[in-house]
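> Predicted model and sequence follow; I will ask about them next.
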Amino acid sequence: MVFFFGFFKAPDIKMSERLHLARGVRIRCPVCAWQPTKHDTWNCNPEGCGHVWNTFDTHGVCPACAREWTSTACLDCGCWSPHDDWYEEDL
């Protein structure tokens with residue numbers, strides 16, 4: 001049996017607007033500045049349960065197994081960065 005785990009990149013809708021973050025705070029990749037949308041999803045793998053969800057809905061905690069992801073991979077550039085570094089003040 002073959003399993004395929006992938007990531008999905010969705011149309012641009014600012015995640016910070018969806019999450020009602022404090023005015024002036026946005027979510028973006030600290031390496032390439034890509035901004036995730038509410039439709040983008042991550043996978044709780046490797047060493048996780050395989051659940052697919054938007055990691056910014058739960059601040060990096062898998063809602064299925066409660067694993068805390070302290071780093072997040074960018075769906076655009078592929079680089080891993082500390083999850084907290086994705087939250088940035090919008091100047």
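Thanks, I have the structure now.

> ok now do C74, which residues does it touch?
C74 sits next to C29, V31, C32, W34, W80, S81 when contact means CB atoms under 8 Å, 6 or more residues apart in numbering. The way it works is simple: take the backbone N, C-alpha and C, and place the C-beta from them, glycine included.

> Any of the residues you listed buried? List them.
C29, W34, S81 (16 or more other CB atoms under 10 Å).

> Quick check: the gap between the second one and A66.
By that I understand W34. Here W34 is placed at a distance of 27 Å from A66 (CB to CB, to the nearest Å).

> Quote the end-to-end distance of stretch 36-46.
End-to-end distance of stretch 36-46 (CA to CA, to the nearest Å): 21 Å.

> likewise stretch 79-87?
16 Å.

> what sits up against it?
Contacts for stretch 79-87 (CB under 8 Å, 6+ apart): 21, 25-32, 55-56, 59-60, 69-74.

> picking up where we left off before, okay, the contacts of C74 in JSON lines with secondary structure, distance to N43 and pLDDT next?
Listed next are the contacts of C74 as JSON lines, based on DSSP: H, G, I helix; E, B strand; the rest coil; distance: CB to CB, whole Å; pLDDT from 0 to 100:
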{"residue": "C29", "secondary structure": "coil", "distance to N43": "17", "pLDDT": "97"}
{"residue": "V31", "secondary structure": "coil", "distance to N43": "20", "pLDDT": "98"}
{"residue": "C32", "secondary structure": "coil", "distance to N43": "20", "pLDDT": "97"}
{"residue": "W34", "secondary structure": "coil", "distance to N43": "18", "pLDDT": "97"}
{"residue": "W80", "secondary structure": "strand", "distance to N43": "14", "pLDDT": "97"}
{"residue": "S81", "secondary structure": "strand", "distance to N43": "17", "pLDDT": "97"}
